[in-house]
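[1] Sequence and computational prediction follow.
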Amino acid sequence: MGRKAKFKDIDFLDAALKLVAEGEAGAATVSAIAEELGAPIGSVYHRFSTKEVLLAELWLRTVESFQRGFLEALGRLDGLSAALHTPGWVRENLMEGKVLLVHRREELVSGQWPEEVKGKAGRLSYELDEGIKDYARQTFGDVMETSILKTTFALIDVPYSATKRYLMKEKSPPKILDELIEKTFYAVIGGRDENL
């Protein structure tokens, strides 16, 4: 009978998260992750073929956590809550927020990544695309390029760009961002006077 594993995948991901949050992605080396856990280096490689794969898995876990709330708001057709989800989530999850800067979704869908990484990235991309299309269809009555562009700009581009500036400085986004995102939302999506 085999020996029960002392550490689980989540333990390694949490150790990497702590190292990324305290420094940057470069700080999460295999030896640093192993040291953080008090685990042998070989146990990291037993679960993750490379440090890059471990960080990709951490990124995917973080995006999935973030995206869940965003898609729930879209599902309720509450576009403003979806737009405000980005700064709100980052305020509550500042450590995890730094992980969002490690990769871009497009990087993980293709390239030399293991199929499991590409599969998870593809699934998350598909779910986001479908959520955006459904919201655009319900809001504008179609999924034409202009409707998708407006939806993506107001719900993703503006909130992410505004929040990223603070994430890069390791600061929580100020509350005034919410007001600016709300004004932009109504100016682009409509439904209320943009001169709030």
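    Right, received. Where do you want to start? Numbers count the residues shown, from 1 in each chain.

[2] nearest residue to the residue sitting nearest the centre point of the chain other than its sequence neighbours?
    Residue closest to the average C-alpha location in the chain (Cα atoms, centre = their mean): Val63, at 3.0 Å. With sequence-adjacent residues excluded and distances taken as Cβ to Cβ, 6 or more residues apart in numbering, Val63 is closest to Leu124, at 5.8 Å. Just so you know, the C-beta spots here come from the backbone N, C-alpha and C atoms, and that holds for glycine as well.

[3] And for that neighbour, the neighbour number?
    The criterion is other Cβ atoms under 10 Å. On that basis, Leu124 has 19 neighbouring residues.

[4] Just want the phi and psi numbers for it.
    In this entry, Leu124 is assigned phi and psi values of phi -60, psi -40 (degrees, to the nearest 10).

[5] mind listing what it touches?
    With contact taken as Cβ atoms under 8 Å, 6 or more residues apart in numbering, Leu124 is in contact with Leu60, Val63, Glu64, Gln67, Arg105.

[6] Likewise for Val44?
    The neighbours of Val44, taking Cβ under 8 Å, 6+ apart as the test, are Phe12, Val30, Ile33, Ala34, Leu54.

[7] The same query, at a cut-off of 10 Å, please.
    The contact partners of Val44, by Cβ atoms under 10 Å, 6 or more residues apart in numbering, come to 7, 12, 15-16, 29-34, 37, 50-51, 54.
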